[in-house]
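In: following is a predicted model, sequence given first.
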Amino acid sequence: MIHKSTISLIISVILIIALSAPAQGQALIEVSPSHLFFEGTEFESDTLSDTLIITNGGENPLNWSASWDEPWLHVQPSTGSAPDSVIIKVSAENLAYSQYSDQIIFESPDASNSPLIVDVIFRVQPPCQGKCGDANSDDAVGVSDAIWIINYVFIGGGIPEPVLACGDANGDCYVNISDAVWILIYVFQGGGSPGECCLDNWEGQGGNCCPF
Ligand SMILES: [Ca+2]
Ligand SMILES: [Ca+2]
């Protein structure tokens with residue numbers, strides 16, 4: 001014979017399962033990917049774009065709308081019925097060097113999981129030339145780049161190519177012997193790669209160098 005308390009426990013469990021499961025036919029909004037990352041150049045008028053896919057994980061029809069705050073972000077279309085493909089565009093035309101973020105909020109009166117948020121990160125870099133650490137501009141970083149920097153620092157050799165900043169292998173905003181040492185340790189001892197040359201100390205010296 002089943003004890004009374006066992007019966008009420010079973011009923012409780014059934015009730016919890018029934019209440020936590022989506023109601024039959026309900027719509028569920030699903031957006032993929034869940035976040036977006038863009039990298040652009042400051043004040044550049046070209047737009048960058050990516051695609052979000054909106055699907056319905058439930059059964060009833062799903063109408064949705066999207067909202068966002070920042071003027072550098074654009075969502076097209078901003079309303080629809082799932083399944084949908086949505087184009088996300090960003091423009092750095094009015095943006096200076098920095099990292100920007102916004103959220104696209106997808107809402108649906110039909111979906112029990114509304115709203116759904118997609119984070120957007122927009123990293124805006126200054127214009128750049130060459131490759132960090134590639135001081136002789138041959139598209140590779142090796143001993144010859146360390147020698148180039150040593151010649152520049154000690155015997156008046158040419159500046160790193162195509163811009164002085166490309167010699168700043170350790171990213172401290174100066175070009176000196178420590179950058180040559182950085183490259184040699186990278187080449188011979190598996191040290192850190194040149195990474196990102198200093199990005200904002202080269203005005204009047206040809207401008208910034210692109211990351212390694
Ligand atoms: Ca090189
Ligand atoms: Ca340096």
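Out: That came through fine. Ligands and ions are numbered 1, 2, ... in the order given.
In: excluding sequence neighbours, find me the nearest residue to Val143.
Out: Val187 (5.9 Å; C-beta to C-beta, 6 or more residues apart in numbering). Glycine gets a C-beta too; all of them are placed from N, C-alpha and C.
In: in a helix, the one you found, correct?
Out: Yes. Secondary structure of Val187 (DSSP: H, G, I helix; E, B strand; the rest coil): part of a helix.
In: ok, it - contacts?
Out: Val141, Gly142, Val143, Ala146 (C-beta atoms under 8 Å, 6 or more residues apart in numbering).
In: what is the nearest of the residues you listed to ligand 2?
Out: Ala146 (12.3 Å; C-beta to the ion).
In: can you verify my assumption that the closest one contacts Ile183?
Out: Yes. Ala146 lies in contact with Ile183 (C-beta atoms under 8 Å); the separation is 4.2 Å.
In: which neighbours do these two share?
Out: Shared contacts of Ala146 and Ile183, defined by C-beta under 8 Å, 6+ apart, are found at Ala135.
In: centroid residue for the protein?
Out: With distances taken as C-alpha atoms, centre = their mean, the residue of the chain nearest its centroid is Phe37 (2.8 Å).
In: just list whatever residues bridge to the residue nearest to it when sequence neighbours are not counted.
Out: Using C-beta to C-beta, 6+ apart and skipping the chain neighbours, the partner closest in space to Phe37 is Ile121 (4.9 Å). Bridge pairing for Ile121 (DSSP bridges) gives the partners Phe37, Ser101.
In: flag the shaky bits of the protein, pLDDT-wise.
Out: Applying pLDDT under 70 to the chain flags the ranges 1-24.
In: just the helices in it please.
Out: In the chain, the segments counted as helices under DSSP state H are 4-20, 143-155, 177-189.
In: isn't the residue nearest to Phe37 right up against Ile104?
Out: No. If you go by C-beta under 8 Å, Ile121 and Ile104 don't touch, sitting 12.0 Å apart.
In: ok, these two, which is more surrounded?
Out: Neighbours were counted for Ile121 and for Ile104 using other C-beta atoms under 10 Å; Ile104 has more, 23 against 14.
In: next up, the contacts around the closest residue to the more buried one other than its chain neighbours.
Out: Once flanking residues are discounted, Ile104 sits nearest to Val118: 4.5 Å by C-beta to C-beta, 6+ apart. Val118 sits next to Val31, Pro33, Ser34, His35, Leu36, Leu52, Gln103, Ile104, Phe106 when contact means C-beta under 8 Å, 6+ apart.
In: list only buried entries from these.
Out: Val31, Leu36, Leu52, Gln103, Ile104, Phe106 (16 or more other C-beta atoms under 10 Å).
In: and the residues you listed as JSON lines, adding distance to ligand 2?
Out: Converted to JSON lines, these look like this (distance: C-beta to the ion, whole Å):
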{"residue": "Val31", "distance to ligand 2": "43"}
{"residue": "Leu36", "distance to ligand 2": "33"}
{"residue": "Leu52", "distance to ligand 2": "41"}
{"residue": "Gln103", "distance to ligand 2": "37"}
{"residue": "Ile104", "distance to ligand 2": "39"}
{"residue": "Phe106", "distance to ligand 2": "45"}
